[in-house]
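Enquirer: got a sequence here, can you model it:
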Amino acid sequence: MDSALIVSEAEKQLRHEKHYRYVSTHDVAYWARSFLQDLERACGDHLRRRCWGIGFGLGFRVIALDPNFRKLSVEHIVSAYRRTKNRAILLDYDGTLMPTGSLNTTPNIEAIAEPVMKLYTETTDGSTIETKESALVWNYLYADPDFGFCQAKELLDHLESVLANEPVSVKSGQHVVEVKPQGVNKGLVAEHLLTTMRQKGKLPDFVLCIGDDRSDEDMFEVIMRAKTSPRLSPVAEVFACTVGQKPSKAKYYVEDRSEILRMLQALANASEQAAKTAPTPASCGGLIINRE
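Expert: Just a heads-up that it's a prediction; the model follows:
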């Protein structure tokens, strides 16, 4: 207010003329047109999407899904599996993480992040800390769902604050908060696997990757982009699959983990049958079971 009162008369005149021209050319009709154009641009592809209502009461929400997003059937994937020879399978599962980097290269990160995680572990019953080669993870899968979720949000903010000047990324996933070096993600692992198979003369003609949270989206993006690259066979069967119906870069979904187990068992049965009838069974060029 004080600055406006003490500004010179010449400055006042210049500013008035500038604002007057702007207001004169941006009338009500202009603003209405601009708003409608922005609205059309924002929802241009909504008509081609399928909308679903999820939840009840205050938790109710509407999600929009791509019309090509569909359920992955066991029959479909087994049929594709039998037609192919060089297969790459990537699973997000509570097993061993394939290392693509290490927190040991930045020892200060673990020294800072682990004490903070320990504080939240002590106050959150059922939570644990997992030290991996490429990440430090706080897991609250077995904690009270509501309290664990609140603690995870608070921990995420806390870690982002104390690690703001470190070369790391702090992310939340399905019941986890993880700290890992920047540039380390599942997309890089998937890209490395496909490139390695190609270099070994085993161009993948079947790719299956399954994940259930946001950290898997990098992997889905790499797999879908590879369809038009020389890293895959031109006739490759590609299945990027998420768990549950939700917005994702994956093109397929399964309802729950029990469906994944049935699917993998069906693929194992197909391999056993092929081994009995063929002298040289088809190969599974890459199998990654990812704990993240």
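
Enquirer: CA only for contacts and neighbour counts going forward, please
Expert: Noted.

Enquirer: which of the residues in stretch 227-234 are buried?
Expert: Buried residues in stretch 227-234, counted by 16 or more other Cα atoms under 10 Å: 227, 231-233.

Enquirer: show residues contacting that stretch.
Expert: 194-195, 198, 203-205, 226, 236, 238 (Cα atoms under 8 Å, 6 or more residues apart in numbering).

Enquirer: among those, name the ones in strands.
Expert: residue 238 (DSSP state E).

Enquirer: what's the closest of the contacts of stretch 227-234 to residue 16?
Expert: residue 226 (56.0 Å; Cα to Cα).

Enquirer: so how far is residue 127 from the closest one?
Expert: 37 Å (Cα to Cα, to the nearest Å).

Enquirer: for those two, indicate the residue with more neighbours.
Expert: residue 127 (22 against 18; other Cα atoms under 10 Å).

Enquirer: any low-confidence regions in the protein?
Expert: 44-55, 58, 61-65, 93-108, 133, 183-184, 278-292 (pLDDT under 70).

Enquirer: centroid-nearest residue for it?
Expert: Among the residues of the chain, residue 217 comes closest to the average C-alpha position under Cα atoms, centre = their mean, at 2.5 Å.

Enquirer: how about that residue, what does it touch?
Expert: 187, 248-250 are the contacts of residue 217 under Cα under 8 Å, 6+ apart.

Enquirer: as CSV, those residues with secondary structure and neighbour count would be great.
Expert: Converted to CSV, those look like this (DSSP: H, G, I helix; E, B strand; the rest coil; neighbours: other Cα atoms under 10 Å):
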residue, secondary structure, neighbour count
187, helix, 19
248, coil, 23
249, coil, 21
250, coil, 25
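
Enquirer: which one of those residues is nearest residue 209?
Expert: Of the contacts of residue 217, the one sitting nearest to residue 209 (Cα to Cα) turns out to be residue 250, at 9.1 Å.

Enquirer: these two touch, right, that closest one and residue 219?
Expert: No. Using Cα atoms under 8 Å, residue 250 makes no contact with residue 219, being 9.2 Å away.

Enquirer: before we move on, the earlier item: can you put the contacts of residue 217 in TSV and add distance to residue 83?
Expert: Listed next are the contacts of residue 217 as TSV, based on distance: Cα to Cα, whole Å:
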residue	distance to residue 83
187	26
248	27
249	25
250	22
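
Enquirer: between which two of those is the distance greatest?
Expert: Maximum pairwise distance among these (Cα to Cα): 14.4 Å, between 187 and 248.

Enquirer: so where do the helices sit in this structure?
Expert: 2-6, 9-25, 28-42, 74-83, 107-123, 145-162, 186-199, 217-226, 257-277 (DSSP state H).

Enquirer: ok, which of those helices comes nearest residue 175?
Expert: Here helix 145-162 is closest among these (Cα to Cα), at 7.6 Å.

Enquirer: in the closest one, what counts as buried?
Expert: 148-149, 151-152, 155-156, 159-160.

Enquirer: what is the nearest of those residues to residue 244?
Expert: Taking Cα to Cα as the measure, residue 149 is the one of the buried residues of helix 145-162 closest to residue 244, at 19.3 Å.

Enquirer: what number of residues lie near residue 27?
Expert: 10.

Enquirer: contact partners for residue 169?
Expert: Listed by Cα under 8 Å, 6+ apart, the contact set of residue 169 reads 179-182.

Enquirer: that one and residue 43: what is the separation?
Expert: 31 Å.

Enquirer: ditto for residue 135
Expert: Separation of residue 135 from residue 43 (Cα to Cα): 38 Å.

Enquirer: could you do residue 247 as well?
Expert: Distance, residue 247 to residue 43, using Cα to Cα: 15 Å.

Enquirer: between the two, who's got more neighbours?
Expert: Higher neighbour count among residue 247 and residue 43: residue 247, with 13 against 9, using other Cα under 10 Å.

Enquirer: and of the buried residues of helix 145-162, the nearest to residue 119?
Expert: Distances from residue 119 to the buried residues of helix 145-162, taken by Cα to Cα, are shortest for residue 155, at 9.5 Å.

Enquirer: what sits against that closest one?
Expert: Here residue 155 is in contact with 116-117, 120, 177 (Cα under 8 Å, 6+ apart).
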